[in-house]
Every structure is written in structure tokens, then in C-alpha cells.
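# A structural model of the following input is requested.
(chains A, B, C, D, E, F, G, H, I and J)
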Protein chains: 10
Amino acid sequence: MLFMVEMLVDIPNSVPAEEAARIKADEKAYSQALQRSGKWPHIWRVVGQYANVSIFDVESNDELHTLLSQLPLFPFMKISVTPLARHPSAI
Amino acid sequence: MLFMVEMLVDIPNSVPAEEAARIKADEKAYSQALQRSGKWPHIWRVVGQYANVSIFDVESNDELHTLLSQLPLFPFMKISVTPLARHPSAI
Amino acid sequence: MLFMVEMLVDIPNSVPAEEAARIKADEKAYSQALQRSGKWPHIWRVVGQYANVSIFDVESNDELHTLLSQLPLFPFMKISVTPLARHPSAI
Amino acid sequence: MLFMVEMLVDIPNSVPAEEAARIKADEKAYSQALQRSGKWPHIWRVVGQYANVSIFDVESNDELHTLLSQLPLFPFMKISVTPLARHPSAI
Amino acid sequence: MLFMVEMLVDIPNSVPAEEAARIKADEKAYSQALQRSGKWPHIWRVVGQYANVSIFDVESNDELHTLLSQLPLFPFMKISVTPLARHPSAI
Amino acid sequence: MLFMVEMLVDIPNSVPAEEAARIKADEKAYSQALQRSGKWPHIWRVVGQYANVSIFDVESNDELHTLLSQLPLFPFMKISVTPLARHPSAI
Amino acid sequence: MLFMVEMLVDIPNSVPAEEAARIKADEKAYSQALQRSGKWPHIWRVVGQYANVSIFDVESNDELHTLLSQLPLFPFMKISVTPLARHPSAI
Amino acid sequence: MLFMVEMLVDIPNSVPAEEAARIKADEKAYSQALQRSGKWPHIWRVVGQYANVSIFDVESNDELHTLLSQLPLFPFMKISVTPLARHPSAI
Amino acid sequence: MLFMVEMLVDIPNSVPAEEAARIKADEKAYSQALQRSGKWPHIWRVVGQYANVSIFDVESNDELHTLLSQLPLFPFMKISVTPLARHPSAI
Amino acid sequence: MLFMVEMLVDIPNSVPAEEAARIKADEKAYSQALQRSGKWPHIWRVVGQYANVSIFDVESNDELHTLLSQLPLFPFMKISVTPLARHPSAI
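All right, here's what the predicted structure looks like:
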């Protein structure tokens, strides 16, 4: 079951630089593990923004929320979720 | 070069039903030809809306505009285009 | 799997009164059948608007889109869909 | 009398972690007490957000405001309230 | 129990002038009956707009929706409803 | 001459608790004095928000701005002002 | 007492050209009479739009609404009104 | 003196196809004459939309409004105008 | 050449009170000098807000940007600029 | 391949003045190098704002994101990107 997930990152100035660097490294590792598992089949950078457009492939809404809320950057992101269905013209 | 394209369809009541049916059939054929060509690798239905989220893979902005403006439903759609880049965490 | 679905109805003046009445009767029958099936456990009127807030309980995004796009009033509604998950404080 | 209440939580960085943890624990206890009392019959997590959609069942607007303004997280939430009525198609 | 109700009227050109005049006369009579009953204690014109700000005093959300949905201009209005509570500084 | 005034309060965390308490006490006294004078005939709490909807009755725009800008909470509020006129259906 | 009034005109296609021309001529005459009376001291065109920014100088909200609602183009305009006060830095 | 002008075209269905074609041909001729004169140095298509982003180089606001309001498509466009100044980093 | 300029001031809490007072005094002197020069013919307070609506009369966009960017409060303001032209109904 | 890029700068108070000055000097040098290379053919100041409208000429979305994300002011800017195509009326 597919969802489009849009994530916009905004880390406030008050987070120390080393902590921010650690969180980003954790985020990268977490994201790549989910990509390898097949749960996060696409991630693209939005040009000009610290943001991404992603496609998630999950069993349920609960699974999706669990995956997203465990993102190391979750406290610093605005996330919007759009449920997707098969398009009748898709080949 | 990838772009996210969001299309929202709104065919006014004043378009006769047969004409609307013909336009939709043309749209489907046109979309499927582009999907087969590799230019339109993904199309998903937005749940609950007469809308889609699509990914286009083109050589240039000009090519993308040409493809979109030839959509049979183009006069009846609101389209927004988001340029995408490779994400540094993508595997 | 639960979704909040918000529906706002706007039937244009150009739809003849009898046709509008027939569509509304079909909508009511369709809605009540889904409510009885357990797929549409809650429907509330938004005070002061020709609109409702509903909860759907479905197996998948595809099932939800199928149910919504078959609503007799679908061509005359703006629909927004919010995926819901279990809340950690829910009893 | 039913109301849809949407709550979006945003605890600023300047709140110490222990204080935030205490407030969240208080919030959970307070919410569960109201759920048990029947005043707060539904609470759902919005997927991908630190937010919930809830249904409250109260005697009056004053009672609803009293319940909401005593939420331990009240100073850190954006809340919107939508009055609900019985839908004519509800079974 | 008090509610602020904001009503913005937009009668499309396609409604014949006599019908519009009749609906407005019905609206005025209906509004004045409710004002006399105490259900609609305040109605003010928004300067420069075909719109009003009103205060309703009702027993329940259901009563409020019934009163509003029976407004003769209801099909031609955008209505928003804000539940009000006693203010702690009110004398 | 009547105006609807909507006030939304947001006191930042950086204001010490005692100072905030003093400002709120001053605000209450100031508001009640204006209510007693007849300049501020109505004040209602917006349910679920640290906000109010008020009606002011003043001689001029200048008088209204003077009254509002002297509110002890003025630096911490978003205020919007809507001029009101007599409604032709008011009894 | 001064107010900024912003007017945006949108005459639908369904109004016959001669009727539109007559309404615009009436609007011009009405506007110029109010300008000569001192009630409408400034009117400027917004560059690139069928819109104006105006300053009105009136005795009361009621007078302003009367003047605006009698504009021949009133049924075809979106109007917003901003009450103005003397600025403490004005010379 | 430079201005960014954004134009979004929306020709309603009720305009006959031949009339629309004639207006578009007039628009093209008018635009190209202004481009040749140096008043309209840049015009770009917004990808996926019946819209353009343009740069105008004029002597005054009045000249710009005159040029824009004489566009054959003016009655069918939403136009926004942004005044531009020399950027201190421009070479 | 006229422009409407809307300025909304928001000085953050972190600016010391004396510095804020000095900036405001500088702003007042700067504004009054420009008013006397004829470059800033009108300034009005927006009722209920720390904001103004102003009219500037300048030779060019560059001159306007220079005047605005030298406002002592410039770093603490949101400014929007609307180019104005002579209205055909102006007397 | 052309893109319109709109950049709005907002450097928070918490950045020390010397650091801000250094970042701005770096930004200017970086911008001028790109302008000289032909990648950034136009940059204009938006009148009244700490913002610019720019045109970029790049080979791909990836190149554009790389250029933008290396802007010294990137962490302090809101950027929006609009892909442009050749306009059929362009001479």
C-alpha cells in the first residue's frame, strides 16, 4: 500500500552543530535501512529545499506512523502524508 | 531528469458527457503511450480525488512542458510541477 | 485501518432539481449500505455546512478510493482524506 | 453533543526534556481519565504528525473549553474545534 | 449556549431577479422571527460586504444546524461557526 | 459605532511566569474597566483557544486604536478588526 | 474618519456588453460625485489588475457601508475594508 | 525600470473557439510588438501551466498598467506585479 | 510615481528595551524627514495592529527600495509593495 | 535550461553580527562567480524585501540543487523554484 510522504526539515539554530550532525547521520542510516527493506522505495530531494518527496510501501497506517515517528529528524520536520491508489491508466 | 507532477482534474458540467468520455479515453491512450516510452515512469491516484501524482523523466523543461500541454485533459486540469534531484541518502 | 474523510458538497445550479434529488437519494442509500457493512462506522454533519466528517474502516487505500469514487455525489464534492493510526493514549 | 477537536502539538526546544516528559505523562493520564468518563470517546493519531483528531461528547461549549484548557499540553498546542450534528443519513 | 456564525452571501447571476427578491424577503422574515424568539440575539452587517456576523443562542449543535440549514439563503451562503464560551474576564 | 475585534494571545516562553501573571491581571482589570464603561460591551472566549471574540462600541477609529494598543497583552496578541454596520434585517 | 477600501472587480461573461458598459458609466459618475463631496479623497488603480485602492473619509461605519453598497459595481466586486487611525509619526 | 509580471490565463468555456483563437493571435502579435520595442524584454512559459513569467522595462507604473490592460487576453488573466530593483550583488 | 507600502512591525523579545526605544526614535525621525521631503506623502496606522499603510511618491523602483531598506525598523518588518497608477475615474 | 528561483532571506537575531557579515560577503562572492560563469544570468532585488528573483541556466535539476544548496545563505533562506520553458510568443 503506497503513500506519498513529503518531509520538510528545519533544525533550529539552538541545536549544537555536533548534535545536528549526529542526528543527520542517524537519519541517513535509518533511511537506507528502510530503503533496503523495501518499505521506502523512493526518496527524492526537492530542488532548492532541505526537503524530500518519498514513496512508502507499508501494510497499514499504523506501520507508516511507526516508521515516520522513529525518524531521527522527526522532531524537526513538517510531514504531510497522501494516500495513493492504483491509477486506472497505469500500465 | 525527474519531476513530480500533480494533476487535479475538473471538467465543467457544460462539457457534454460524450465529449468528456472521448477526452478521457484519449487521455488514457496518451498517458499509456508515454508510460511505455519511459517518459512517465509513475502515475498514482490520490485517494478520494479526481487527481494524480506522477513522476516524469525528461531531457529538459521544454520537453516536459510539451508533454504536459498535449495532455487531452490539459484544459481541464490544475497542474503543479516540482523539480526533483538525487537525494544524498538514496541507495 | 481508519481514515478521516471530510466531504464538502457543492451541486451547481445547472443540475435540474429532480436530478439532484435522485442523486441525493442514491447517496443516502449507498451511504447507509456502507454504514451497515461496517466500512463507514461514523458520519457527522458539520454544523452550518453542506458537509460531513466521516470515519472509514477499510483494508487498503485502493478499497477506500473505490468506495469514495462510487459515491453518487462524488462529482460534486471536495474530499480530503487523513490517514489515522492508533493513538498511544487511547484506552 | 459532539465536537471534532484537532490538536497539533509543538513543544519548543527551550522546555527541558524532563519537564516535557512530565507534561506528556500528565497529558496521558488526563486524557485517559476523560476517555473513561465518556467525555472523550475517540482519539486517533494523525499519521506522520505529532497531532490527533478527537471526538468530544459534552454538555456545553463551556464544558468543552474547560476540558481543553486544562490539558497539560494546552500551552503547546494549536487546537481547532468543529461542532458536529447528527447526519440525516446516519443509521 | 453561544456561537458566532459568519455568513457570506453569493447569489449567482443565473437566479432570476424575482426569485432572488422572494428568497431575500423570506430570509428577512425568517431571521426576524428567530431574533424575536431569542435564538438569534445579534446580527451585524460586515461593512462593504454582502455578509453578516451573528450570535446564536441555542440548546445544542443539532438545534443550531437545523436553524441554519433552514435559512432561505442557505444554498447561496458560505457559513462558518465558532463555538463561544464564557470569558473569565467578562463582567 | 461597533467593531468586531478578534484577539489571539501568544505569550512566548521567554517571558518569566510572574511577569506573565502580572500582565494577565492588568489585562483583566483593564478589560473590566472598559466593559463597565460601555466601550467593550461583549467579550467571549473562543472554545479551545487562548483567544477571544469581542465587540467594541467607540466614537472613532482613533479611539478604538487607542483602547486596543493600551491592552497590557497588546505586544503578545494578533488582533484583527472588522467594522460592523446595522443589518437591514435586525429588529 | 479614514478607511482603506480595496475593490477587485470581476464582471462575469454572462452580463451583456451594453449592460456592463452602462454599469461602468454609472460607477464612474457615482465615484466622481463622492470624490467631489470629499467622502472619497483618494482612488488609485492597482497596476495590472481591474482593481483599486481607495481612501474613504466618513462619519461612521454605517455611512461607509451605505456608500459602498450603492456602488453600481457592488454586486461584481470583492471589497475589503481596513480601518485607519492617525499614525504617531505623521507630520 | 523593471517589473516581474506573472500572468495566468483562464479562458472560460463559454467563449466560442474561433473568438478564443482570434484573441490569442492578437495577443501574440501585441506581445511580439512590445518585445521588439524593448518594453517586454523577457517572456517565459511556466512549465505545465497556461501561464508566463515576464520582465517588463518601462518608464512608470502608469505606462506598465497601460501596456498590461491593453493585452487582448487581459479580461481572462490573473496578473501579479512585483517591482524589481538593482541587486547589490549583480555584476 | 505612487506605491502603496504596507509595513507590519514585529520586534522580537530578545532586542533589549533601550535598543528598541532608540530604533523607534530613529524610525520616527527618518519617517518625518521623508514626509517633509514629499517622498512619503501619507502614513496611517492600521487599527489594532503595530502596522501602517503608507503611500510613497518616488522616481523609480530603485529609489523606493533604497528608502525602505534604510528604515531603522527594516530588519523587524514585513513589507509589501503595490504599484499604483492613475485611476480613470479619479477627478 | 532556465529556472526562476525566488529567495527570501531571514537571518535570526541569534547569529552574531560579524558572522552574518562574513556569510553575506561569502554569498556575494559566490553569487558573482556564478553570474560570471553564465549559470546565474539574472538577479534582481524585490523592492522592500530582503529577497531576490533570479534566473538560473543549468544543465539539470541536480546541477541546480547543487548550486543552490551551496549558497552561504542557504540555511537562512526560503527558496522556491519554478521551471521555465520557451514561450511560443517569444521572439
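# buried ones in the top strand by length along chain A?
Across chain A, the longest stretch assigned as strand under DSSP state E is strand A:77-86. Under the neighbour-count criterion of 16 or more other CB atoms under 10 Å in any protein chain shown, strand A:77-86 has A:Met77, A:Ile79, A:Val81, A:Thr82, A:Pro83, A:Leu84, A:Ala85 buried. C-betas here are computed from N, CA, C, even on glycine.
# that strand and chain B, are they touching?
Yes: against chain B, strand A:77-86 shows contacts by CB under 8 Å from any CB of the partner chain at A:Thr82, A:Pro83, A:Leu84, A:Ala85, A:Arg86.
# wait, does that strand contact chain J?
No: using CB under 8 Å from any CB, strand A:77-86 never reaches chain J; the gap is at least 12.9 Å.
# how about the residues of strand A:77-86 next to chain B in TSV, adding pLDDT and distance to chain D?
Below are the residues of strand A:77-86 next to chain B laid out as TSV (pLDDT from 0 to 100; distance: CB to the nearest CB, whole Å):
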residue	pLDDT	distance to chain D
A:Thr82	98	10
A:Pro83	98	9
A:Leu84	98	13
A:Ala85	98	16
A:Arg86	98	20
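# one step back: what's the closest of the buried residues of strand A:77-86 to chain I?
A:Met77 (24.1 Å; CB to the nearest CB).
# shaky segments in chain A?
Counting by pLDDT under 70, chain A shows no low-confidence range.
# for it, what spans make up the strands?
Under DSSP E, chain A gives strands at A:2-9, A:42-46, A:51-57, A:77-86.
# reformat those as a markdown table; add distance to B:Leu68.
What follows is the strands of chain A, written out as a markdown table (distance: least, CB to CB, whole Å):
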| stretch | distance to B:Leu68 |
| --- | --- |
| strand A:2-9 | 19 |
| strand A:42-46 | 19 |
| strand A:51-57 | 18 |
| strand A:77-86 | 20 |
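# what's across from A:Leu8 in the sheet?
For A:Leu8, the beta-bridge partners are A:Ala51, A:Lys78 (DSSP bridges).
# returning to what we had before: mind putting the residues of strand A:77-86 next to chain B in CSV, distance to F:Ser31 included?
Shown next, in CSV, are these (distance: CB to CB, whole Å):
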residue, distance to F:Ser31
A:Thr82, 44
A:Pro83, 46
A:Leu84, 51
A:Ala85, 53
A:Arg86, 58
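# residues from chain A in reach of chain C?
Counting by CB under 8 Å from any CB, the residues of chain A near chain C are A:1-3, A:60-62, A:64-66, A:81, A:83-86.
# tell me which residue of chain A lies closest to chain E.
For chain A, CB to the nearest CB, closest residue to chain E: A:Ser80, 23.7 Å.
# list the contacts of the residue nearest to that residue when sequence neighbours are not counted.
Among residues not flanking A:Ser80 along the chain, A:Glu6 sits closest, at 4.9 Å (CB to CB, 6 or more residues apart in numbering or on different chains). Shown in contact with A:Glu6 (CB atoms under 8 Å, 6 or more residues apart in numbering or on different chains): A:Ala51, A:Asn52, A:Val53, A:Ser54, A:Ile79, A:Ser80, A:Thr82.
# out of those, which comes closest to chain C?
A:Thr82 (8.1 Å).
# so is stretch A:21-40 next to chain B?
Yes: using CB under 8 Å from any CB, stretch A:21-40 comes into contact with chain B via A:Glu27, A:Lys28, A:Ser31, A:Gln32, A:Gln35, A:Arg36.
# show residues contacting that stretch.
Residues contacting stretch A:21-40 (CB under 8 Å, 6+ apart): A:11, A:15, A:41, A:43, A:54-58, A:67, A:70-73, A:76, B:88-91.
# A:Ala85 contacts B:Ile43, doesn't it?
No: using CB atoms under 8 Å, A:Ala85 is not in contact with B:Ile43; the gap is 11.0 Å.
# now the top helix by length along chain A - C-alpha only, CSV.
Looking across chain A with DSSP state H, the single longest helix is helix A:17-37. Output in CSV follows, covering the C-alpha atoms of helix A:17-37 (Å, rounded to 0.1, in the frame of the first residue of the first chain):
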residue,chain,number,x,y,z
ALA,A,17,26.3,21.6,15.4
GLU,A,18,27.7,18.2,16.5
GLU,A,19,24.3,17.1,17.7
ALA,A,20,22.8,18.1,14.4
ALA,A,21,25.5,16.2,12.5
ARG,A,22,24.9,13.1,14.6
ILE,A,23,21.1,13.2,14.1
LYS,A,24,21.6,13.6,10.3
ALA,A,25,24.0,10.6,10.2
ASP,A,26,21.4,8.5,12.2
GLU,A,27,18.7,9.7,9.8
LYS,A,28,20.8,8.6,6.8
ALA,A,29,21.4,5.1,8.2
TYR,A,30,17.8,4.7,9.3
SER,A,31,16.5,5.8,5.9
GLN,A,32,18.9,3.5,4.0
ALA,A,33,17.9,0.5,6.1
LEU,A,34,14.2,1.2,5.3
GLN,A,35,15.0,1.6,1.6
ARG,A,36,16.8,-1.7,1.6
SER,A,37,13.9,-3.4,3.3
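# in that helix, what counts as buried?
Those would be A:Ile23, A:Lys24, A:Glu27, A:Tyr30, A:Ser31, A:Leu34, A:Gln35, for helix A:17-37 by 16+ other CB under 10 Å.
# tell me what angle it forms with strand A:77-86.
10 degrees (axes from the mean of the first three to the mean of the last three CA atoms, to 10 degrees).
# ok and helix A:17-37 relative to strand A:51-57, angle-wise?
Using the same axes, to 10 degrees: helix A:17-37 against strand A:51-57 is 30 degrees.
# who does the longest strand of chain A touch, helix- and strand-wise?
Counting contacts by 3 or more CB pairs under 8 Å, 6 or more residues apart in numbering or on different chains; DSSP states H and E, strand A:77-86 packs against strand A:2-9, helix A:61-69, strand B:42-46, helix C:61-69, strand C:77-86.
# mind putting the ones you listed into JSON lines with distance to A:Glu19?
Converted to JSON lines, those look like this (distance: least, CB to CB, whole Å):
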{"stretch": "strand A:2-9", "distance to A:Glu19": "14"}
{"stretch": "helix A:61-69", "distance to A:Glu19": "20"}
{"stretch": "strand B:42-46", "distance to A:Glu19": "36"}
{"stretch": "helix C:61-69", "distance to A:Glu19": "37"}
{"stretch": "strand C:77-86", "distance to A:Glu19": "28"}
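# most tightly packed of those?
strand B:42-46 (a mean of 22; mean count of other CB atoms under 10 Å in any protein chain shown).
# still on that earlier bit, can you turn the buried part of the contacts of stretch A:21-40 into a ChimeraX selection?
Remark: buried members of the contacts of stretch A:21-40, expressed as a ChimeraX selection using 16+ other CB under 10 Å:
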select /A:11,43,54,55,56,58,67,71,72,73,76 /B:89,90
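# what about A:Asn52, distance to J:Arg86?
30 Å (CB to CB, to the nearest Å).
# and the residue of chain A nearest chain J?
For chain A, CB to the nearest CB, closest residue to chain J: A:Gly48, 4.0 Å.
# so that residue sits against J:Pro83, correct?
No: counting by CB under 8 Å, A:Gly48 does not reach J:Pro83; the two are 11.2 Å apart.
# can you list residues touching both of these two?
With CB under 8 Å, 6+ apart, A:Gly48 and J:Pro83 have common neighbours B:Pro83.
# work out the gap between stretch A:18-29 and the centre of the chain.
14 Å (CA atoms, centre = their mean, to the nearest Å).
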